[in-house]
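[1] dropping the sequence and predicted coords here.
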Amino acid sequence: MRPRILIWTYPCLLLVGLIHDNGAFFCLNVGVHAFAPVSLTQRTSRATLLFSSETTQGPNSNAGKTKLSRPERKAAERFKKEQTHRRNSNHRKHNFADREKQLVAQRKKGEGQYDLHSNHVSRLTKDSTADEVMTAIKRAQNLHDHHDIQAIEDFLLNVVDESFAYGYRGSLLSRLAVAALHMSDHTLARKAINERRTVHRSTMLPLESAALIRGLLRVHNVTDAIEVLDDELSLPFEGTLITTDENKDRIKHRALCMASIASRHFFEGEPAMAVQACEWLAQLGPIVRESGLVAEELTMPWTRIIQGAAKCEARRRDGKIEPCLLDVEMPCNLVYSVLNAMTTFPSDNSDRTYEALSNALVRRTLFVTGAVDMTGCPEADRGEAVFIGRSNVGKSSLVNMVTNRKSLAYTSKRPGKTQQFNFFTVNDKPDREKEFKYGDFVPGEKDPDSFYIVDLPGVGFAKVPQKIKQEWADFMSEYISKRKTIRVIFHLVDARHGPIDEDMRIMQTIGQNSIKNTKYVVVLTKADKNTKGASSTSGGRVSSDVMDKLREAMKANKVANAPVLLTSAQTKLGRDEMWRYMRLAAEA
């Protein structure tokens with residue numbers, strides 16, 4: 001057994017003792033070092049003793065450990081911090097002036113022009129390898145060594161030819177251009193880019209072109225960045241097979257560069273250019289799907305783009321920024337431009353991404369009223385997104401999923417929980433609830449993207465009298481035919497069973513009372529119930545029999561052209577498609 005160390009602390013006294021297993025006690029320290037035990041050959045500091053104050057009785061034993069007091073823990077932390085600082089302070093410091101004197105003293109005629117400050121790669125010659133040149137470029141960039149970066153440029157442009165380093169000169173030039181842009185040396189970067197484009201066009205890699213574009217964006221050179229994007233990362237010619245690895249790699253990096261353009265401009269408060277980049281992404285999305293690329297291969301930074309758009313939109317609502325390009329049509333919320341691009345790309349159904357999306361599009365929610373007739377409906381001053389379907393189909397759960405709220409709409413296992421036309425306002429003016437609760441006047445205006453979510457009661461399995469069911473049906477027909485601000489109607493159908501008689505009646509009502517400028521969308525819910533072990537990546541499915549039954553019902557009720565969405569409140573499937581149509585209500 002190791003010797004046991006005992007520590008006693010008093011206001012003005014520190015007593016440290018060492019007890020061996022034979023019971024012998026040795027005093028190590030009382031206040032200032034007073035006694036030195038015979039068994040110790042060198043003085044032990046207090047902090048070192050604190051780190052060694054545990055007794056080990058076996059490899060798996062926790063018995064005998066000494067719990068340190070707070071002053072002792074603080075002393076140990078200070079000691080550890082001092083040790084770390086001492087180790088870091090011993091690092092070699094770069095002294096460019098001394099190194100320059102050393103180079104001048106060693107310089108030989110004809111070779112001094114390509115001497116470098118680096119001790120690892122001190123000189124460039126025709127025998128230098130590509131790795132040595134790359135190492136020198138990275139070091140010069142990290143330390144902002146302008147002398148070295150200019151020497152490397154002169155070496156690559158004037159000393160070696162295109163066959164240098166077995167043809168890797170083009171890659172070295174692209175890396176040199178990125179380093180020069182990082183150091184704000186635009187003249188050097190342009191020389192390297194032009195030389196690479198002229199001499200090494202056949203060997204240019206999409207990864208290198210993407211790095212150049214990000215470097216140009218970093219220094220706010222958007223014009224040259226777009227030029228490189230269109231020249232080096234252009235789409236394959238029409239009729240060319242786009243499923244090859246080479247074309248897929250080019251399409252992937254083109255998409256990532258467009259995402260960089262959008263993200264950077266959103267964060268920098270330039271919404272017009274960012275919206276333009278999102279439109280380019282929306283046009284590229286179908287080509288991405290056709291190429292066979294999946295979300296895991298693309299790794300699109302949707303979350304960051306949404307966060308940038310939300311930040312830019314907040315500043316735009318406050319009147320702090322204005323679009324600089326007047327010919328770009330701006331949406332009511334900048335995040336909708338990102339959503340429009342997202343829906344064209346393969347989806348990974350990321351919770352983090354859609355949480356950011358929902359938080360940006362639904363900033364405030366408030367229950368307005370529960371109406372039982374037309375006179376109880378709120379003022380028709382904004383667009384409305386209506387959720388309708390039989391009871392127990394999952395309307396309230398879907399509303400909560402789409403808005404990223406746990407209890408905006410009440411959910412229950414008992415069919416018929418919703419028994420009114422519940423109106424929820426989204427993005428209304430702050431503190432609007434005071435008007436509803438207390439009748440106070442609240443100044444301000446609703447946000448431009450404000451709209452109503454309307455949760456209609458379902459019939460079918462609802463345990464209510466038949467008279468009430470008939471009143472709901474009559475109110476629904478009147479509401480759909482007379483409410484002019486309805487922009488989208490989501491008809492929810494159980495994906496396990498398909499449409500039942502109640503769904504047929506709803507379709508018939510929609511078909512007979514269709515409203516101008518209103519989109520009717522069929523939403524298949526509970527798709528996860530058809531898949532064993534459903535998750536966010538394998539959200540759910542619907543059988544072909546159910547789809548055939550649904551199509552026949554839609555055709556018979558004159559709503560055959562309506563889109564059909566597959567959703568699941570459990571796996572969050574279909575969030576992006578739902579918001580694609582809810583946007584219609586926000587833009588009304």
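    Alright, I've got the coordinates.

[2] run through the stretch 1-150 of the chain and note the low-pLDDT ranges.
    Applying pLDDT under 70 to the stretch 1-150 of the chain flags residues 1-65, 88-113.

[3] if you set the cut-off to 90 instead, what comes out?
    1-127, 142-147 (pLDDT under 90).

[4] next: the stretch 201-350 of the chain.
    Looking along the stretch 201-350 of the chain with the criterion set at pLDDT under 90, you get 202-203, 236-240, 318-329, 347-350.

[5] how about the helices in it?
    206-218, 222-232, 245-267, 271-291, 295-298, 302-317, 335-342 (DSSP state H, counting those that start in this stretch).

[6] residues touching the nearest residue to A151 once chain neighbours are set aside, list them.
    Nearest residue to A151, sequence neighbours excluded (Cβ to Cβ, 6 or more residues apart in numbering): Y114, at 5.5 Å. Any C-beta I mention is one placed from the backbone N, CA and C, and that applies to glycine too. Counting by Cβ atoms under 8 Å, 6 or more residues apart in numbering, Y114 touches 123-125, 151, 154-155, 159.

[7] quick check: I149 touching L181?
    No. Under the criterion of Cβ atoms under 8 Å, I149 makes no contact with L181, lying 10.9 Å away.

[8] give me the sheet partners of the longest strand anywhere in the chain and which way each runs.
    In the chain, with assignment by DSSP state E, the single longest strand is strand 486-494. Using DSSP bridges, strand 486-494 pairs in its sheet with strand 383-389 (parallel), strand 519-525 (parallel).

[9] distance between it and the chain's centre?
    Its chain's C-alpha centre and that of strand 486-494 lie 29 Å apart, by Cα atoms, centre = their mean, to the nearest Å.

[10] could you give the mean pLDDT of that strand?
    Average pLDDT, strand 486-494: 94.

[11] same question, stretch 360-372
    Here the average pLDDT along stretch 360-372 is 91.

[12] ok, the residue lying closest to G370 once chain neighbours are set aside - how many residues close by?
    Leaving aside its sequence neighbours, G370 sits nearest to Q420 (Cβ to Cβ, 6+ apart; 3.4 Å). Other residues lying near Q420 total 15 when counted by other Cβ atoms under 10 Å.

[13] list the contacts of Q420.
    So Q420 contacts 370-372, 457 (Cβ under 8 Å, 6+ apart).

[14] against T84, how distant is I480?
    70 Å (Cβ to Cβ, to the nearest Å).

[15] ok, those two, which is more surrounded?
    More crowded of I480 and T84, by other Cβ under 10 Å: I480, with 22 against 10.

[16] pLDDT at the more buried one, what is it?
    For I480, the predicted pLDDT is 89.

[17] quick check, it in contact with Q512.
    No. Using Cβ under 8 Å, I480 is not in contact with Q512; the gap is 9.3 Å.

[18] just give the nearest non-adjacent residue to G540, would you?
    In space, G540 is closest to A527, 2.8 Å off (Cβ to Cβ, 6+ apart).

[19] run a quick neighbour tally on that neighbour.
    Using other Cβ under 10 Å: A527 sits among 25 other residues.

[20] repeat that for A282.
    19.

[21] report the contact partners of the nearest residue to it once chain neighbours are set aside.
    Counting by Cβ to Cβ, 6+ apart, A341 is the residue found nearest to A282 once chain neighbours are left out, at 4.5 Å. A341 makes contact with 262, 278-279, 281-282, 285, according to Cβ under 8 Å, 6+ apart.

[22] ok, M504 next?
    Taking Cβ under 8 Å, 6+ apart as the test, what M504 contacts is 553, 556-557.

[23] and what of V521?
    488-491, 562-565, 581 are the contacts of V521 under Cβ under 8 Å, 6+ apart.

[24] show me what contacts the closest residue in space to L256 that isn't next to it in sequence?
    Spatially, and ignoring its direct neighbours in sequence, L256 is nearest to A210 (6.2 Å; Cβ to Cβ, 6+ apart). Contacts for A210 were tallied using Cβ under 8 Å, 6+ apart; they are 233, 253, 256-257.

[25] who wins for most neighbours among the residues you listed?
    C257 (26 neighbours).

[26] that one and H85: what is the separation?
    From C257 to H85 the distance is 42 Å (Cβ to Cβ).

[27] E227 now?
    Following Cβ to Cβ, the distance that separates E227 from H85 is 48 Å.

[28] one step back: going by neighbour count, which of the contacts of Q420 comes out on top?
    P457 (26 neighbours).

[29] related to what we said a few turns ago, please pick the buried ones from the contacts of V521.
    Buried by 16 or more other Cβ atoms under 10 Å: 488-491, 562, 564-565, 581, out of those.

[30] between those residues, which is nearest F475?
    Ranked by distance to F475 (Cβ to Cβ), the buried ones among the contacts of V521 are led by I489 at 14.7 Å.

[31] give me the nearest residue to that closest one, chain neighbours excluded.
    The nearest residue in space to I489 (Cβ to Cβ, 6+ apart) is V386, at 4.7 Å.

[32] L235 now?
    I287 (6.7 Å).

[33] L566 touches L573, doesn't it?
    Yes. The pair L566 / L573 is scored as a contact, 6.4 Å apart, by Cβ under 8 Å.

[34] perfect, I'm done here.
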